[in-house]
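Visitor: From the sequence below, what's the structure:
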Amino acid sequence: METEKESEIWYAMRATYRRESDAMRLLEKEKLGCFIPMQYKISVKKGKKIRVLVPIIHNLVFVHARPSEVKRVKSLVTYLQYITDTRSGEKIIVPDSQMQRFIAVAGTYNDHLMYFQPDELNLSKGTKVRVTGGEFEGQEGIFLKVKGARDRRVVIEIQGVIAVAMATIHPDLIEVIE
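Guide: Predicted coordinates:
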């Protein structure tokens, strides 16, 4: 069996026509790992304001599985597609460490997180840092000024897909790393 030799990797994928929750149910049923970055939004239902958890970017799903398992699940549904790098045409595969950092931050559903498309930020202008205390202790990212925020934020990026800027973190809780 070739699946025995394969290791699980994170794929950035699209579930077309806003079917990310359908994709998530299918992946969970197939016992495959997945993550959809979500946040709370206020919406009005029957005249009442309610907080609802919604995807940050519609159609975006991260899938954690062996390549053969992803291929098998993709053959079951047409709406699940790989996201490819526009320059190389290769499938976007996210390193485990990068994905773990992203999930640790985005998975908090913190109202103060800000999300960006990769081309909205110039990460080369920032400084590589580690958070030494608070809710995001131990997380590493790039410390820089982001639009829409008064102060600088620590940003974690999934190359070519999405970036998340953490809530304001006191400078005493940030250390520069080489």
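
Visitor: and Ala163, bridged to which residues?
Guide: Phe116, Glu157 (DSSP bridges).

Visitor: now the helices for the chain?
Guide: 20-29, 67-76, 96-106 (DSSP state H).

Visitor: Give me the mean pLDDT for the last one.
Guide: In this case it means helix 96-106. For helix 96-106, mean pLDDT is 95.

Visitor: Which pLDDT does the model give the residue of the chain positioned farthest from its centre?
Guide: For the chain, the residue at maximal distance from the C-alpha centroid (Cα atoms, centre = their mean) is Gly47, at 32.4 Å. In this prediction, Gly47 carries a pLDDT score of 93.

Visitor: what's the answer for the one 10 residues further on, then?
Guide: At Ile57 the predicted local distance difference test score is 93.

Visitor: what bridges to Thr84?
Guide: Residues in beta-bridge contact with Thr84 (DSSP bridges): Lys91.

Visitor: these two touch, right, it and Val161?
Guide: No: assessed by Cβ atoms under 8 Å, Thr84 is found out of contact with Val161, at 10.8 Å. (Each C-beta comes from the backbone N, C-alpha and C, glycine too.)

Visitor: who has more neighbours, these two?
Guide: Neighbours per residue, other Cβ atoms under 10 Å: of Thr84 and Val161, the larger number sits with Val161, 19 against 14.

Visitor: which non-adjacent residue is nearest that one?
Guide: Leaving aside its sequence neighbours, Val161 sits nearest to Ala12 (Cβ to Cβ, 6 or more residues apart in numbering; 4.7 Å).

Visitor: cool, and Phe136?
Guide: Nearest non-adjacent residue to Phe136, counting by Cβ to Cβ, 6+ apart: Met166, 5.5 Å away.
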